[in-house]
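Chemist: generate a structure from the sequence data that follows.
(one chain, ligands or ions: 1)
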Amino acid sequence: MNAEQVTGSTYLPKAMRIGVLGFGGLGQAAARVLAPKREMILVAAADKQGYAYAAEGLNAQQCIANYQSHGSVGYLEPFGTLTHRSIEDLLEKSHPVDGYFLALPNLPNNFIPSVARQFIKSGWRGVLVDAIKRTSAVEQLLEMKEELQAAGITYMTGCGATPGLLTAAAALAAQSYAEIHQVEITFGVGIANWEAYRATIREDIAHMQGFTVESARTMTDEEVEALLDKTNGVLKLENMEHADDVMLELAGIVGRDRVTVGGIVDTRNPKKPISTNVKITGRTFEGKISTHTFTLGDETSMAANVCGPAFGYLKAGIGLYQRGIYGLFTAAEIMPQFVK
Ligand code: NAD
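Modeler: Residues are numbered from 1 along each chain as shown. All right, here's what the predicted structure looks like:
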């Protein structure tokens, strides 16, 4: 990394080589987000049935076309490989990759932590970023902090939209106050059809009354559709188990019991049903109680608000890694860096 190559008379820093694991809604959006970037190139992509790798960079559109028409990036000629052990196989090849975005379902609730363990076992060193959502999932990763550190992995967790962008906004807004009373996150998501984001929707259903992560994981597509038919495609979520709470607590900002997350997801309309926002209430040093509100633009999609921050944190993580700083970090303690 950061080795410089001579191009004519100018020095250009080498682009960061990025892999995206999981090539569903967010994985494909991540490839599109990276396509125009100069500082990062997509060299690896993997899904459940295969992976593709190209040292000089993969074409996002070609990866997406193969995934959508055949069901896997593994069909991409000549870079694809079909395998049901895509992550293991990719790691066994030891291709040079500086950082991976884990755009994987966290179903079951320990799946992403188990992938982190695979990375540790493989001896790979570099930076990992996830957009994981549940408090109990982040807690599993927290327990792996020392192992990650010893393995030479810099792991950035909770770096999507919520947790992620909104948690970081809360951490920033907290600075105006002497004492924080409440952090209230409310999100609105609009997607044209639920099948573009199957894992996201299943994980949301798992927060509804009468469901668990396990029951949502094992629902068939038809069962999900039947549920959505009953609610006109809309999911209303309250008091979710979201890692924004543990992340803000760990960062020393506010106790987890003062953090709430809820939202409305419309699975049949790309227009957001409500504006996504975070309200941070506290007391200033003069004794005034006030609320800062950070509201996302309604035109910004879930994919934009997850993938942008994920790569911003990946870049920040690569900076830490280059300085020999390994272990586990959350979106509430590190500032993301804009990827050019
Ligand atoms: P998806 O269902 O659209 O796609 C999942 C992808 O992972 C598919 O390509 C699938 O083939 C692949 N996959 C599954 N098992 C695999 C395995 N064992 N090896 C390799 N690939 C595998 O998922 P999505 O809706 O894009 O969501 C991805 C994740 O992003 C979810 O965990 C979701 O909770 C999270 N998310 C986070 C936020 C946030 O703000 N933090 C917002 C939305 C989604």
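Chemist: which residues are in contact with the longest strand anywhere in the chain?
Modeler: Of all the segments of type strand in the chain, defined by DSSP state E, the longest one is strand 179-190. Applying CB atoms under 8 Å, 6 or more residues apart in numbering, the contact partners of strand 179-190 are 161-162, 166-167, 170, 174, 242, 244, 248, 253-254, 258-266, 269-283, 289, 298, 302. C-betas here are computed from N, CA, C, even on glycine.
Chemist: of these, which are in range of the ligand?
Modeler: Ala161, Thr162, Met302 (CB under 6 Å from any ligand atom).
Chemist: those in strands, which ones?
Modeler: Going by DSSP E, the strands hold none of these.
Chemist: top of the residues you listed by neighbour count?
Modeler: Thr162 (29 neighbours; other CB atoms under 10 Å).
Chemist: OK, contacts around it?
Modeler: Neighbours of Thr162 in contact, by CB under 8 Å, 6+ apart: Lys133, Ile185, Phe187, His242, Asp244, Val261, Gly263, Thr276, Val278.
Chemist: quick one: Ile253 and Ala168 touch, right?
Modeler: No. With contact defined as CB atoms under 8 Å, Ile253 does not reach Ala168; the gap is 10.9 Å.
Chemist: and stretch 324-336, how far out from the chain middle?
Modeler: 14 Å (CA atoms, centre = their mean, to the nearest Å).
Chemist: got the contact list for Ala168?
Modeler: Contacts of Ala168 by CB under 8 Å, 6+ apart are Pro309, Ala331, Ala332, Met335, Pro336.
Chemist: let's see it at 7 Å
Modeler: Counting by CB atoms under 7 Å, 6 or more residues apart in numbering, Ala168 touches Ala331, Ala332, Pro336.
Chemist: shouldn't it be within a helix?
Modeler: Yes. Per DSSP: H, G, I helix; E, B strand; the rest coil, Ala168 lies within a helix segment.
Chemist: next, count neighbours for whichever residue of the chain sits closest to the ligand.
Modeler: Residue of the chain nearest the ligand, by CB to the nearest ligand atom: Gly24 (1.8 Å). Residues near Gly24, counting by other CB under 10 Å, number 19.
Chemist: hang on, Ala161 packs against Val306?
Modeler: Yes. Here Ala161 reaches Val306: they are 4.9 Å apart, a contact under CB atoms under 7 Å.
Chemist: excluding chain neighbours, what is closest to the most centrally placed residue in the chain?
Modeler: The residue lying closest to the centre of the chain (CA atoms, centre = their mean) is Ala131, at 2.1 Å. Nearest non-adjacent residue to Ala131, counting by CB to CB, 6 or more residues apart in numbering: Gly160, 2.8 Å away.
Chemist: what about Asn193, how many residues nearby?
Modeler: Counted with other CB under 10 Å, Asn193 comes out at 13.
Chemist: what's near enough to touch it?
Modeler: Thr267.
Chemist: what pairs with the longest strand of the chain, parallel or antiparallel?
Modeler: strand 259-266 (parallel), strand 277-283 (antiparallel) (DSSP bridges).
Chemist: what residues does the very next helix or strand once past that strand touch?
Modeler: As assigned by DSSP states H and E, the chain's next helix or strand after strand 179-190 is helix 198-205. By CB under 7 Å, 6+ apart, the residues outside helix 198-205 that reach it are 24-25, 105-107, 133, 194, 211, 216-217, 219, 224, 227, 235, 237, 265, 267.
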